[in-house]
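Peer 1: Here is a sequence with its predicted model. Questions after.
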2 protein chains.
Amino acid sequence: MPLLASDKTVGRISLYRRLLSNLLQEKVQSVFSHQLAEAAGVSATQVRRDMMVVGYNGIPTKGYDVESLIESIGQLLDAPDQEAVALVGVGNLGLAILSYFDGRSPNLKITAAFDNDPDKADHVISGCRCYATRQMAEVFAESGIATAIITVPAEQAQDVCDLLVDAGAKGILNFAPVGLRVPAHIHVENVDMTTSLEKAAYFGRCP
Amino acid sequence: MPLLASDKTVGRISLYRRLLSNLLQEKVQSVFSHQLAEAAGVSATQVRRDMMVVGYNGIPTKGYDVESLIESIGQLLDAPDQEAVALVGVGNLGLAILSYFDGRSPNLKITAAFDNDPDKADHVISGCRCYATRQMAEVFAESGIATAIITVPAEQAQDVCDLLVDAGAKGILNFAPVGLRVPAHIHVENVDMTTSLEKAAYFGRCP
């Protein structure tokens, strides 16, 4: 698959899909670019430009067909088959993330969780089997896992990241508040909740 | 307080503070801009430029003093006193967020949680008192709350957001995967975990 879309473009297209799925649930069949733009908080021009990346052309007078646009976005964003994802760190945050993602993304499923706590290994949590961390390379190879979520504390995150890269992870979603060092071919997506809260408070305080 | 720093700058400065706090725990007393830059995954030039926003000047030959830099960043990012934060939606994600933020940010404390479930109101969860949603305006006024976290499902998020704005929220951290409509003076910070996971998987899949 060619690398067509930039980081921000992929983020917007993923959001469009969720907005479109909401519309579909409400039995809305078509949507104009300016309506999708308003819901996503971007300009209509931006939406139309992103649709060129998706490779979808709506009929201008009728808007986009919601169902087929969702399908086109899936062809860009999703793997051909359901993709297995791993999570490392089954603490409070890890448990919430397991439960949050259960059934949320059509083609991504967390199929393996890892934790050093022996009480957690061999249990099934939110539909996900939990393993000891030392089993990582073996489980990744068996399940063809290339995407992983880090939910361990900051001080363990780099070690876990190194293990993940060795095991074959290519894309990493990192919840630990540290900048991870990875080889150039690995993509890291950071979700930094503390920074986000501090930003909300800072800008909320500014006149 | 003047609005000095851009969205991205505030994000980086918040990250620096956490990296510096880690260093302080390891008893590191000074740090060079290139070291901080490497840990944060940005350039040393960027770090030095951000330090001008913080208003901190290190002695070039000795680097930045870790402790006083943390203090300078606090003067930029934090309210003069501890700031009360609210959370709306005490489901799995809300519970994890309450536990995650408990004691994490030096000057921000989630002091009130809201949920429509009568079984949750009047309980204390992770050190935070839980109220019925209809008590929001009253609690915000009493506690001087201006920052709020939304952890309700997508379909309830806009209604909750409207209630928060009416109650006096100025900064909102939104975990619901929808674009919220707010008046111009309200700052919304979105944490979209599904999009982040889809991006990690997409870029992990790209050659």
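Peer 2: Received, thanks.
Peer 1: C-alpha only now, for contacts and for neighbours.
Peer 2: Noted.
Peer 1: What residues of stretch A:57-77 count as buried?
Peer 2: A:58, A:63-67, A:69-70, A:73-74, A:76-77 (16 or more other Cα atoms under 10 Å in any protein chain shown).
Peer 1: That one spans what distance, first to last residue?
Peer 2: End-to-end distance of stretch A:57-77 (Cα to Cα, to the nearest Å): 17 Å.
Peer 1: Need the contact partners of that stretch.
Peer 2: A:10, A:13-14, A:17, A:20-21, A:23-24, A:28-33, A:51, A:54-56, B:198, B:202 (Cα atoms under 8 Å, 6 or more residues apart in numbering or on different chains).
Peer 1: Now which of those residues would you call buried?
Peer 2: Using 16+ other Cα under 10 Å, the buried members of the contacts of stretch A:57-77 are A:10, A:13-14, A:17, A:20-21, A:23, A:30-33, A:51, A:54, A:56, B:198, B:202.
Peer 1: Any idea what the residue most central in space within chain A is bridged to?
Peer 2: Geometric centre of chain A, nearest residue: residue A:173, 7.3 Å, by Cα atoms, centre = their mean. Following DSSP bridges, residue A:173 is listed with bridge partners residue A:149, residue A:189.
Peer 1: Could you do residue A:109 as well?
Peer 2: Beta-bridge partners, per DSSP bridges, of residue A:109: residue A:84.
Peer 1: what's it in contact with, if anything?
Peer 2: A:82-85, A:101-103.
Peer 1: mind giving me the domain split of chain A?
Peer 2: Following automatic domain parsing, one finds the domains of chain A at A:7-76, A:83-195.
Peer 1: before we move on, the earlier item: and the contacts of residue A:109, which is closest to residue B:46?
Peer 2: residue A:85 (34.0 Å; Cα to Cα).
Peer 1: okay, now that closest one: neighbour count?
Peer 2: 24 (other Cα atoms under 10 Å in any protein chain shown).
Peer 1: repeat for residue A:41
Peer 2: Quick note: residue A:41 (other Cα under 10 Å) scores 14 neighbours.
Peer 1: Chain neighbours aside, what residue packs nearest to it?
Peer 2: residue B:179 (5.9 Å; Cα to Cα, 6 or more residues apart in numbering or on different chains).
Peer 1: wait, what's in contact with the one you found?
Peer 2: Counting by Cα under 8 Å, 6+ apart, residue B:179 has contacts A:39-41.
Peer 1: Quick check: which helices or strands does the longest helix belonging to chain A pack against?
Peer 2: For chain A, the helix that runs over the most residues, judged by DSSP state H, is helix A:7-25. Under the contact criterion of 3 or more Cα pairs under 8 Å, 6 or more residues apart in numbering or on different chains; DSSP states H and E, helix A:7-25 touches helix A:33-40, helix A:66-77, helix B:193-205.
Peer 1: Settle this for me: the residue nearest to the centre of chain A is touching residue A:150, isn't it.
Peer 2: Yes. Using Cα atoms under 8 Å, residue A:173 is in contact with residue A:150, at 6.2 Å.
Peer 1: circling back to that earlier point, mind pulling up the pLDDT for the residue nearest to the centre of chain A?
Peer 2: Looking at residue A:173, its pLDDT stands at 96.
Peer 1: residues near the nearest residue in space to residue A:175 that is not next to it in sequence, how many?
Peer 2: Of all residues not flanking residue A:175 in the chain, residue A:191 sits nearest, at 5.0 Å (Cα to Cα, 6+ apart). Using other Cα under 10 Å, residue A:191 is surrounded by 18 other residues.
Peer 1: got it, and residue A:26?
Peer 2: For residue A:26, using other Cα under 10 Å, the count is 9.
Peer 1: How about residue A:183?
Peer 2: 9.
Peer 1: List the buried residues of stretch A:181-190.
Peer 2: A:186-190.
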